[in-house]
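[1] What follows is a predicted protein model with its sequence.
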Amino acid sequence: MRFDVLTIFPEMFSALTGSGITRRAAETGALQLKLWNPRDFTQDAYRRVDDRPFGGGPGMVMLAAPLQAALDAAMADGKRGPVLLMSPAGGPLTHRKVMQLSQLEGLTLICGRYEGIDERFIARNVDEEVSIGDFVVSGGELPAMMLMDAVARQLPGVLNTEGSATEESFADGLLDCPQFTRPEVLDVDGVGEGVPAVLMSGNHAEIAKWRREQQLIRTLSRRPDLIESARAAGTLSARDEATLRRYISDAL
Ligand SMILES: O=C(N[C@H]1CCCN(c2cc(-c3ccncc3)n[nH]2)C1)c1cc2ccccc2[nH]1
């Protein structure tokens, strides 16, 4: 999948292509990233990408022209899917949205800085605004990298075990179960903490049952809204509902 990203800080994206799963995805070509710096498309000697806001007020606003020239160059390099603006005002990035985006051939992401982008550029070019949460960070770059990381994990061949992508948290709308690894007894402040016996049993049916129950219990206690969504989506089985009822009655 091809990502075209407009940013005045292209060097930030080495965090995505320089390590881990997304580094391997970039090396194998599963994830293709092309960065377009509006500063490279300025016409003035100072390579200006921002200016003072009309109407006054603090800070600076990103100029439309350099962004437009950078976007036009990206499009000339091959139109790739919708143009998304990373913004707190956007629709929430959810697992469902990530799955939808992962089906596309490509995406163009706009990363704003300063106090924002001239609205005329947004109105003319942006298909959709996407938010990673109700908070403001210094620029759209980190939100863009989070979106690309989440999408890349859903691309064929990116995760080692196919099961990971489908089994990971949110894939079935629930939070993840607790994970344990060696040592079998972990010395914490002189106290040996063990691992749930079922995980050491080798009984894969019982392990799967325990993990599903833990997912349900964790989700009910931390994100009950996700239980309602899963119920509405019809992804809770009769056994799941029985587990939830048992947990609730035990908690009363
Ligand atoms: O686009 C905006 N700001 C630009 C310039 C300042 C840094 N930017 C930014 C994007 C985000 C962001 C993106 C996606 N999800 C959460 C936050 N935080 N900060 C990009 C922006 C800031 C803002 C604040 C309230 C409502 C809407 C808003 N849009």
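    Okay, I see it.

[2] near the ligand, which residues of the chain show up?
    86-89, 112-114, 116, 131-133, 136-140, 143 (Cβ under 6 Å from any ligand atom). Where C-beta positions appear, they are placed from N, C-alpha and C, glycine not excepted.

[3] which ones are touching Leu71?
    Residues counted as contacts of Leu71 (Cβ atoms under 8 Å, 6 or more residues apart in numbering) are Leu6, Trp36, Val83, Thr108, Ile110, Asn125.

[4] Near the first one, how many other residues are there?
    As a burial measure, the neighbour count of Leu6 was computed by other Cβ atoms under 10 Å and equals 29.

[5] can you tell me the average pLDDT over stretch 4-18?
    What stretch 4-18 shows for mean pLDDT is 98.

[6] Convert that stretch to PDB, retaining C-alpha atoms only.
    What follows is stretch 4-18, C-alpha atoms only, in PDB (Å, rounded to 0.1, in the frame of the first residue of the first chain):
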ATOM      1  CA  ASP A   4       1.900   9.900   0.100                       C
ATOM      2  CA  VAL A   5       2.500  12.300   3.000                       C
ATOM      3  CA  LEU A   6       2.700  16.100   2.900                       C
ATOM      4  CA  THR A   7       4.900  17.300   5.800                       C
ATOM      5  CA  ILE A   8       7.400  20.000   6.600                       C
ATOM      6  CA  PHE A   9       9.200  17.500   8.900                       C
ATOM      7  CA  PRO A  10       9.900  14.500   6.700                       C
ATOM      8  CA  GLU A  11      12.700  13.400   8.900                       C
ATOM      9  CA  MET A  12      10.200  12.500  11.600                       C
ATOM     10  CA  PHE A  13       9.000   9.500   9.500                       C
ATOM     11  CA  SER A  14      12.200   7.600  10.000                       C
ATOM     12  CA  ALA A  15      10.500   6.600  13.300                       C
ATOM     13  CA  LEU A  16       8.100   4.600  11.100                       C
ATOM     14  CA  THR A  17      10.500   3.200   8.500                       C
ATOM     15  CA  GLY A  18      13.500   2.800  10.800                       C
END
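
[7] Tell me where this structure has helices.
    Secondary structure of the chain by DSSP state H: the helices cover 14-17, 20-28, 64-76, 95-102, 119-125, 141-152, 162-167, 204-222, 224-233, 238-251.

[8] Just name the most buried of those.
    helix 141-152 (a mean of 22; mean count of other Cβ atoms under 10 Å).

[9] hang on, the earlier thing: so among the residues of the chain next to the ligand, which ones count as buried?
    Burial by neighbour count, 16 or more other Cβ atoms under 10 Å: within the residues of the chain next to the ligand this picks out Met86, Ser87, Gly112, Arg113, Tyr114, Gly116, Ser131, Ile132, Gly139, Gly140, Pro143.
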